[in-house]
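Asks: here are the coordinates; sequence isn't available:
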C-alpha cells in the first residue's frame, strides 16, 4: 500500500486525505492544530463537506501533529493557508514554515505537491530554494509540482476525485512523478507545462469570477437608478443560448478564494511592471458593495420614518455562501460593522453559524420566528440558506432588503 502524506487538514486537506485513503493509499495527515487532530482521532469532522462517519470509516488514515510521521511517504501534498497581509500582499509564511519542517523528514524520491494558492512563480522561487539549500536536487532526488485545489464548499454535485486535477511540475520529471501518483486518486489529471502555469490556472479561475461579479455588482447599482430589477435582467439575458454566462450581484465577496486570489495575481504582475486594471477595478467595486447595502438599508429605514440610530436590524445569513458555516471574508462583517457604527441595534440568524463576532462585539444566532421578524424595523438577507423559509420572512418582516433574490418580492421587500 502506498503511503501518502497531507499537510494541513482544513477544508481542502481533509477531503483530499480521505479521497486518497479511499483510493487505496495509507494516509498520514499532519495538522498543527492539536484540537483538530483530537477530533479526527475520535471520528469527529469539523469540515462541512466531511461527515463524522467518513472520518471514522477511514481506517487507513491517521492524523498527527508530528511531521516525522511523513518519513516513509512517497507523496506529500501541502494544503496550508495562504492569506493576505493587512497590506494586501500575499502571505506565504505558512507554506515556507511547512517546507522548512518537511526538509528534515523527506526521503529521497519523494513527490511533493503544493496545493495552496500562491502567486505565479512561487513554487519555483520559494519552494525549490528551500529544498536545494537542504541538499536536494529537484527533478532528480525529489520531485516538486503544483496542483491548484478546486474544492467548492457545499457543492454536492462534484466529489473531490470527480473534479479534473490540474498539475504542473517544476521539471518534466517532476510532473511525470506527480501525475503517476495523482492518477491513482483522481478521475482525470490535466497536465500543463510548468508549475507556474498551474499556479496561473487557479488565479485565472477565480479572477474570472471576481471580475464578472464586479461587473454585475456595478450593473446592480446602475439598475437601481433606473428602478429596474437586475435579477430579471440577468435571467432574461441568460435565455441567450450562446455568448452569455450569468453572474449575480451580492453584498460583497466572501470566502478564502475569490476576494483574495486575484490580488495574488495583481501583486505579482505589478511587481513585474504589468498593469492589472480589470482586477483592480473589480476589487474596488466588490469591496464597495457593503457600503452600497448599508446606504440602501438607511434609505429604506428613512422611507419608513425610522432613523438608523433607533433601528432594530435583523441580519439573515452571515456565512459567505449558502448552507455552509464558513464566514471567512464574509461581507456580513462589513455590513454589520457599518450598521453598528451608524447606531443600529443588530440581531442575526444563521442556521450554520451559532456565534458571530463583529469587532469587539459577539452575537448569538437567534431562532427565526414570525415574532422576531415582526419586532425588527428591517430584515436584511445577506446569505440565503435552504433551511430558512423566506416566504415567512416576506410575510412577517415590516421591511426586507433582499441582497440575494431569496424572496419572491411583494410589499415591503426591496432587492439589491
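Replies: All right, it came through fine. None of these values were measured; they are calculated from a predicted model.
Asks: what ranges do the helices span in this protein?
Replies: Along the chain, counting by DSSP state H, helices occupy 13-22, 34-41, 52-57, 93-102, 122, 128-133, 172-182, 195-225, 230-237, 261-271, 277-303, 331-341, 370-374, 390-396.
Asks: Least confident of those helices, on average?
Replies: Lowest mean pLDDT of those: helix 261-271, a mean of 93.
Asks: re earlier: in a markdown table, list the helices of the chain along with distance to residue 110.
Replies: From N, CA and C alone the C-beta is placed, and that goes for glycine too. Conversion of these to a markdown table gives the following (distance: least, Cβ to Cβ, whole Å):
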| stretch | distance to residue 110 |
| --- | --- |
| helix 13-22 | 15 |
| helix 34-41 | 22 |
| helix 52-57 | 26 |
| helix 93-102 | 9 |
| helix 122 | 20 |
| helix 128-133 | 10 |
| helix 172-182 | 9 |
| helix 195-225 | 16 |
| helix 230-237 | 48 |
| helix 261-271 | 27 |
| helix 277-303 | 36 |
| helix 331-341 | 40 |
| helix 370-374 | 56 |
| helix 390-396 | 51 |
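Asks: Columns mean neighbour count and distance to residue 380 on top of those, output as JSON lines?
Replies: Listed next are the helices of the chain as JSON lines, based on neighbours: other Cβ atoms under 10 Å; distance: least, Cβ to Cβ, whole Å:
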{"stretch": "helix 13-22", "mean neighbour count": "25", "distance to residue 380": "32"}
{"stretch": "helix 34-41", "mean neighbour count": "16", "distance to residue 380": "33"}
{"stretch": "helix 52-57", "mean neighbour count": "15", "distance to residue 380": "34"}
{"stretch": "helix 93-102", "mean neighbour count": "18", "distance to residue 380": "34"}
{"stretch": "helix 122", "mean neighbour count": "24", "distance to residue 380": "39"}
{"stretch": "helix 128-133", "mean neighbour count": "15", "distance to residue 380": "47"}
{"stretch": "helix 172-182", "mean neighbour count": "20", "distance to residue 380": "44"}
{"stretch": "helix 195-225", "mean neighbour count": "20", "distance to residue 380": "15"}
{"stretch": "helix 230-237", "mean neighbour count": "15", "distance to residue 380": "17"}
{"stretch": "helix 261-271", "mean neighbour count": "20", "distance to residue 380": "27"}
{"stretch": "helix 277-303", "mean neighbour count": "18", "distance to residue 380": "6"}
{"stretch": "helix 331-341", "mean neighbour count": "21", "distance to residue 380": "7"}
{"stretch": "helix 370-374", "mean neighbour count": "14", "distance to residue 380": "12"}
{"stretch": "helix 390-396", "mean neighbour count": "17", "distance to residue 380": "11"}
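Asks: Residue 189: which of those is closest?
Replies: Distances from residue 189 to each of the helices of the chain were compared using Cβ to Cβ; the minimum, 5.2 Å, belongs to helix 172-182.
Asks: contacts for that closest one?
Replies: Outside of helix 172-182, the residues within contact range by Cβ atoms under 8 Å, 6 or more residues apart in numbering are 2, 4, 74-75, 111, 113, 138-140, 143-145, 147, 165, 167-169, 189, 191, 195.
Asks: got the angle for it vs helix 195-225?
Replies: 70 degrees (axes from the mean of the first three to the mean of the last three Cα atoms, to 10 degrees).
Asks: one step back: type out the ChimeraX command that picks the buried ones from the contacts of helix 172-182.
Replies: To isolate in ChimeraX the members of the contacts of helix 172-182 that are buried, counting by 16 or more other Cβ atoms under 10 Å, one can use:
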select :4,74,75,111,113,138,139,143,144,145,147,165,167,168,169,189,191,195
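Asks: Just the contacts of helix 172-182: which are in strands?
Replies: For the contacts of helix 172-182, membership in strands holds for 4, 75, 111, 113, 143-145, 165, 167-169, 189, 191, with DSSP state E as the criterion.
Asks: Break this protein down into its domains, please.
Replies: The chain resolves into domains spanning 3-193, 213-415 when parsed by automatic domain parsing.
Asks: so how far is the last one off the chain centroid?
Replies: Right, the one you point to is domain 213-415. Its chain's average C-alpha position is 17 Å from that of domain 213-415, according to Cα atoms, centre = their mean, to the nearest Å.
Asks: how long is it from one end to the other?
Replies: For domain 213-415, the first-to-last residue distance is 17 Å (Cα to Cα, to the nearest Å).
Asks: let's have the chain start at 40 instead
Replies: All set: I'll call the first residue 40, so the last point we hit is now domain 252-454.
Asks: Output the domains of the chain as a markdown table; include the columns distance to residue 238.
Replies: As requested, the domains of the chain are arranged in a markdown table below (distance: least, Cβ to Cβ, whole Å):
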| stretch | distance to residue 238 |
| --- | --- |
| domain 42-232 | 5 |
| domain 252-454 | 9 |
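Asks: between those domains, which gets nearest to residue 242?
Replies: Taking those one by one with Cβ to Cβ, domain 252-454 is closest: 4.2 Å.
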